[in-house]
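I'll drop the sequence and a predicted model, then ask my questions.
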There are 2 protein chains.
Amino acid sequence: MNIGAASRASGVSQRMIRHYEQIGLIPGAARRDSGYRDYSEADVHRLRFIANARDLGFAISEISTLLALWSDQRRASSEVRSLALAHAEELGRKARALEAMRQTLLTLAQQCHGNDRPDCPILQRLED
Amino acid sequence: MNIGAASRASGVSQRMIRHYEQIGLIPGAARRDSGYRDYSEADVHRLRFIANARDLGFAISEISTLLALWSDQRRASSEVRSLALAHAEELGRKARALEAMRQTLLTLAQQCHGNDRPDCPILQRLED
DNA sequence: TCTGCACCTTTACATCATGTCAGGGTCAGG
DNA sequence: CCTGACCCTGACATGATGTAAAGGTGCAGA
């Protein structure tokens, strides 16, 4: 399977497939005589795994660990679980930070009459 | 005031002060004969404004607009308000996305007994 | 006055994940 | 054999920020 087909089958862009290969997240693909990369079903399976992990917000370094655990038949599921929980906590931190910013902005916007006069508590707050 | 003092007074790193100057977010600083940048209290005030806006998650392009509105005495506060509300909505979108990822991970982790056996619903889910 | 240290200057490279473009080679059908 | 679709590598861009190198400046103390 050429890279285009592998990309369509996995949902990972050709650009990122080559990138993942370059940074060592996935092994170098087999090559045809022409130099074209050649992917197996197992390769596509791994790419889908990566795409799903990315969708859950895992960073490449975390995915690298997940891939190792995935292919380790003797792995302990507790390792995967604690990685997932740590990541969930990190996501929660980020979500709460964004939410706090949002609340601040909403409060300020509420205090801003939003007419065509120049005074605005939002700008005043930014000056402090 | 040299850049180091301006940095300490505003909370913006020297690196970012120079960067903001380079990308045109702030005007080029006055220079001494030595070539050293020289900052006024007004310059520091503007840098603090930028730092506060960054803390609220505004992107540089949005801050550029905010700075223009800030220095425009004839501005309408409604412009500032709608910019803030649009940004708040964007923050909400991102926060909800992170929260959805987090919930997915928590659900999966709950289904994972987390012992030393290899089967793990988290990894299974990533395979789909 | 010389010396040393703290500060300043510019330039460049790194991050992270991803897009896009350029300049070329390959393959398959008509 | 030509054409269009595909593939290759390499390079540049994003956004916000850090760090490092190589060199000039300014001031205080010996």
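Structure's in. What do you need?

Tell me where chain A has helices.
Using DSSP state H, the helices found in chain A span residues A:3-10, A:14-22, A:41-55, A:60-71, A:77-111, A:121-127.

Mean neighbour count, mean pLDDT and distance to DNA strand D for these - can I get that in a markdown table?
Where you see a C-beta, it was placed from the backbone N, CA and C, and this is true even at glycine. Formatted as a markdown table, those follow (neighbours: other Cβ atoms under 10 Å in any protein chain shown; pLDDT from 0 to 100; distance: least, Cβ to the nearest atom of the strand, whole Å):
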| stretch | mean neighbour count | mean pLDDT | distance to DNA strand D |
| --- | --- | --- | --- |
| helix A:3-10 | 16 | 96 | 2 |
| helix A:14-22 | 15 | 95 | 6 |
| helix A:41-55 | 17 | 95 | 12 |
| helix A:60-71 | 16 | 91 | 13 |
| helix A:77-111 | 18 | 90 | 14 |
| helix A:121-127 | 19 | 86 | 15 |
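
how about TSV for these, with distance to B:Thr104 added?
Formatted as TSV, the helices of chain A follow (distance: least, Cβ to Cβ, whole Å):
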stretch	distance to B:Thr104
helix A:3-10	20
helix A:14-22	22
helix A:41-55	9
helix A:60-71	15
helix A:77-111	9
helix A:121-127	35
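
Kindly reformat the ones you listed as JSON lines containing distance to chain B.
JSON lines is the format used below for the helices of chain A (distance: least, Cβ to the nearest Cβ, whole Å):
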{"stretch": "helix A:3-10", "distance to chain B": "12"}
{"stretch": "helix A:14-22", "distance to chain B": "15"}
{"stretch": "helix A:41-55", "distance to chain B": "5"}
{"stretch": "helix A:60-71", "distance to chain B": "5"}
{"stretch": "helix A:77-111", "distance to chain B": "4"}
{"stretch": "helix A:121-127", "distance to chain B": "5"}
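
mind checking which of those helices is nearest B:Ala42?
Proximity to B:Ala42, assessed across the helices of chain A by Cβ to Cβ, is greatest for helix A:121-127 (11.5 Å).
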